[in-house]
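Q: pasting the sequence and the predicted coordinates here, then a few questions.
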Amino acid sequence: MASTYTTNLRLTKQGDGDNPNTWGEVLNNVISLVDQAVASYTTVSLGSAATVTLTENLGSSDQSRSAILEFKGSIGSAATSIFVLIPNAPKTYAIRNVVSANTTATDAVILRVAGNAGVTVGSGSGYYITNGTSVFSVAAPTGTAASRNVGVCATEIPDTSLADIRYVQTSVSSTIVAEKTFTASVIFTSAVRMEGLVSLSGAVKSHITTLTDAASVAVDFNDANMFMVTLGGNRTLAAPSNATTGQTGSIYVIQDGTGSRTLSYNNAWRFPAGSVPVATTTASAVDLVVYSARSATTIDAVMLKNFTR
């Protein structure tokens, strides 16, 4: 029976009765090729050719079987993009890209399977995988990139100091399941959901959002927890948008320099015993509406009046 070859690494599979006197030599060759696939380091020179096809041999040494590839040479003269073609078989590559003389933003080394788009190989070192059709970057290069992806699932987010977190990008939805300690200020620019015990050893500071004075004063609970509005006329506090059950906060209600401004409320606002509070009308007077969202459409509140000394 004739020998065949494995699909992905092209290793010799000896047939029954093959190589009666050299069977061991063939097996040793297979072991050597496995060694190459696991740990060999191969240098690939790039230059004037727009396409470089890695060698692909059945049962013998080649470039594309190597575990680690180093791309060297130059780019940007005869070809502003050099395509490095790999076999259409699943594999992982560790690549060190030291190609020099990139002269424009379009200069690039692109790793791809023939007939497919491929992926740009960044300067420095990184990991790339292929399913035999598409090529994917597993990690950003370790060169001078301004940011680094550290993973998209809970187990891939490492302990990170604040000195390094400037360079960390996580996916939009990421979960941290273990204890993480931040020793300096952390700023989140989108929603953060915390479940379970949250322990804080320092102050929690919230900014005050100034509301736009209008006949109907709009409040968006997504903007903040604490608000401030200066009344320039008789006003109505509108039903808040984006209210979430359990959200708490406060709204400073300030009279302008004229005073005598009244404040009424949308039906979403509920007060103890149904008694709607009357704002202090003295010029520049300061009242405080403290609220708690019972539901998205019901906001329980009390007014603390006339803060002076």
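A: Yep, that arrived.
Q: and the pLDDT at E195?
A: Note on E195: pLDDT of 75.
Q: give me the distance between A215 and R261.
A: 12 Å (Cβ to Cβ, to the nearest Å). To be clear about C-beta, it is placed using only N, CA and C from the backbone, and glycine gets the same treatment.
Q: which one's more surrounded, the two?
A: R261 (21 against 10; other Cβ atoms under 10 Å).
Q: isn't that one right next to Q255, touching?
A: Yes. At 5.5 Å, R261 counts as touching Q255 under the criterion of Cβ atoms under 8 Å.
Q: overlap in contacts, A215 and R261.
A: Residues touching both A215 and R261 (Cβ atoms under 8 Å, 6 or more residues apart in numbering) are 233, 235.
Q: can you give me the domain assignment for the chain?
A: 34-137, 152-205, 208-304 (automatic domain parsing).
Q: for the top helix by length along the chain, packing partners?
A: Secondary structure of the chain per DSSP state H: the longest helix is helix 23-39. The helices and strands touching helix 23-39, judged by 3 or more Cβ pairs under 8 Å, 6 or more residues apart in numbering; DSSP states H and E, are strand 12-13.
Q: what does the strand it packs on contact?
A: Here strand 12-13 makes contact (Cβ under 8 Å, 6+ apart) with 3-6, 26, 29-30, 58-59.
Q: stretch 213-232 now?
A: Applying Cβ under 8 Å, 6+ apart, the external contacts of stretch 213-232 come out as 206-212, 233, 235-238, 240-244, 247-256, 261, 263, 279, 293.
Q: and what of stretch 32-40?
A: Under Cβ under 8 Å, 6+ apart, the answer for stretch 32-40 is 9-11, 59-61, 65-68.
Q: list the buried ones in the strand or helix carrying F83?
A: With elements delineated by DSSP states H and E, F83 resides in strand 81-86, which encompasses its position. Neighbour counts over strand 81-86 (16 or more other Cβ atoms under 10 Å) mark 82-86 as buried.
Q: is it possible to get JSON lines of the residues you listed that adds pLDDT?
A: Converted to JSON lines, these look like this (pLDDT from 0 to 100):
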{"residue": "I82", "pLDDT": "88"}
{"residue": "F83", "pLDDT": "91"}
{"residue": "V84", "pLDDT": "94"}
{"residue": "L85", "pLDDT": "94"}
{"residue": "I86", "pLDDT": "94"}
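Q: put together JSON lines for those, with distance to S40 on each row.
A: Listed next are the buried residues of strand 81-86 as JSON lines, based on distance: Cβ to Cβ, whole Å:
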{"residue": "I82", "distance to S40": "22"}
{"residue": "F83", "distance to S40": "23"}
{"residue": "V84", "distance to S40": "17"}
{"residue": "L85", "distance to S40": "19"}
{"residue": "I86", "distance to S40": "15"}
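Q: before we move on, the earlier item: quick one: buried ones out of the contacts of stretch 213-232?
A: Buried subset of the contacts of stretch 213-232 (neighbour count, 16+ other Cβ under 10 Å): 209, 211, 235, 237-238, 240, 243, 247, 249-255, 261, 263, 279, 293.
Q: need the helices for the protein, in chain order.
A: 23-39, 162-165.
Q: quick one: low-confidence ranges for this protein?
A: Counting by pLDDT under 70, the chain shows low-confidence ranges at 1, 76-79, 101-106, 139-178.
Q: so S292 sits against S250, correct?
A: No. Counting by Cβ under 8 Å, S292 stays clear of S250, with 10.1 Å between them.
Q: distance of S40 relative to L54?
A: With Cβ to Cβ as the criterion, S40 and L54 are 13 Å apart.
Q: equivalent analysis for A301, please.
A: Relative to L54, and taking Cβ to Cβ, A301 is found at 69 Å.
Q: could you do Q14 as well?
A: 26 Å.
Q: go on, T245?
A: 58 Å.
Q: of those two, which one has the most company?
A: Neighbour totals were compared for T245 and L54, and L54 leads with 18 against 11 (other Cβ under 10 Å).
Q: who touches that one in this structure?
A: 44, 62-64, 69, 84-87.
Q: tell me the one among the residues you listed nearest to S100.
A: V44 (14.3 Å; Cβ to Cβ).
Q: in contact with the closest one, which residues?
A: Listed by Cβ under 8 Å, 6+ apart, the contact set of V44 reads 52, 54, 63, 69-72, 84.
Q: which residue packs closest to S100, ignoring adjacent ones?
A: S74 (5.3 Å; Cβ to Cβ, 6 or more residues apart in numbering).
Q: wait, N131 touches K91, no?
A: No. Counting by Cβ under 8 Å, N131 stays clear of K91, with 9.2 Å between them.
Q: between these two, which has more neighbouring residues?
A: Counted by other Cβ under 10 Å, N131 and K91 do not tie: K91 has more neighbours, with 19 against 12.
Q: having no further points to raise, I will conclude here.
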